[in-house]
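K.L.:
generate a structure from the sequence data that follows.
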Amino acid sequence: VNANTIVMRSRKVRDLASALDYLLILTVVSQCIKDSDATCPDLAAKSALVNTCLCNTLAENQITEQQLGLSVQVQVNVKWKWLPPLYTPGERRLEQALETRHRVSEFVALQKSKPCLNEKMIRIQTFPEEWLRLKQVVLQIVQARGAATDLWVNRLDDLLLRSTVTRERHAMELEEQLLSVMHRPAGNELPKVPQPADSELH
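P.N.:
Below you'll find the model as predicted:
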């Protein structure tokens, strides 16, 4: 279940009844996360609300946290279109995932936002510096969670290398768009719709 980039999974089970129970719990918690995102700007208050929701939902369904086997990741939808989403190391606690999402938020594309041409050019120009900052933040999270740092260094470096061609092509396309705008003849402007004279309105 994906709740505003908080990806939650339960442990694998063989019987359908348990699978449906676990799905119900994750769905309720997912809605709680979405509601808290809309109403709680404070991270601590949001974490408390979500954890209370999880505990109450588990109690109502008579399922323990160990039985659920919750695993959480953050899907980082980076603001650079030439890179795919990143997935942070698995977490066992929802508050850790919420903190992780908060720490990487500056590198995330805003939902339903379409950057203008200037903003796209800025993203191209500042990418090397911002990528290094994102890499540092991700590695700090990896280290804090006890995951293999060397593995993540290689993973991020490989991701950057594989995106080079796409990034360069994107930069060339933006340059062509910018030149087209700069050299657009004034006569290419759309004709204005004539407005009726005052005498024609009466």
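K.L.:
list the buried residues in stretch 92-105.
P.N.:
By neighbour count on 16 or more other CB atoms under 10 Å, the buried set for stretch 92-105 is 94-101, 103-104. Every C-beta, even on glycine, is put in place using the N, C-alpha and C of the backbone.
K.L.:
out of the residues you listed, who's nearest Pro115?
P.N.:
Closest approach to Pro115 among the buried residues of stretch 92-105 (CB to CB): Val104, at 18.4 Å.
K.L.:
what sits against that closest one?
P.N.:
Applying CB atoms under 8 Å, 6 or more residues apart in numbering to Val104 gives the contacts 74, 76, 88, 134, 137-138, 141.
K.L.:
switch the cut-off to 7 Å
P.N.:
74, 76, 137 (CB atoms under 7 Å, 6 or more residues apart in numbering).
K.L.:
tabulate the residues you listed in CSV, adding columns for secondary structure and pLDDT.
P.N.:
As requested, the contacts of Val104 are exported to CSV (DSSP: H, G, I helix; E, B strand; the rest coil; pLDDT from 0 to 100):
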residue, secondary structure, pLDDT
Val74, strand, 94
Val76, strand, 92
Val137, helix, 94
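K.L.:
format the residues you listed as JSON lines; extra columns: neighbour count and distance to Glu176.
P.N.:
Below are the contacts of Val104 laid out as JSON lines (neighbours: other CB atoms under 10 Å; distance: CB to CB, whole Å):
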{"residue": "Val74", "neighbour count": "28", "distance to Glu176": "35"}
{"residue": "Val76", "neighbour count": "23", "distance to Glu176": "29"}
{"residue": "Val137", "neighbour count": "17", "distance to Glu176": "33"}
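K.L.:
what would the residues you listed look like in JSON lines with distance to Ile25?
P.N.:
What follows is the contacts of Val104, written out as JSON lines (distance: CB to CB, whole Å):
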{"residue": "Val74", "distance to Ile25": "20"}
{"residue": "Val76", "distance to Ile25": "25"}
{"residue": "Val137", "distance to Ile25": "30"}
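K.L.:
Gln66: which of those is nearest?
P.N.:
For the contacts of Val104, the nearest to Gln66 is Val74 (22.7 Å; CB to CB).
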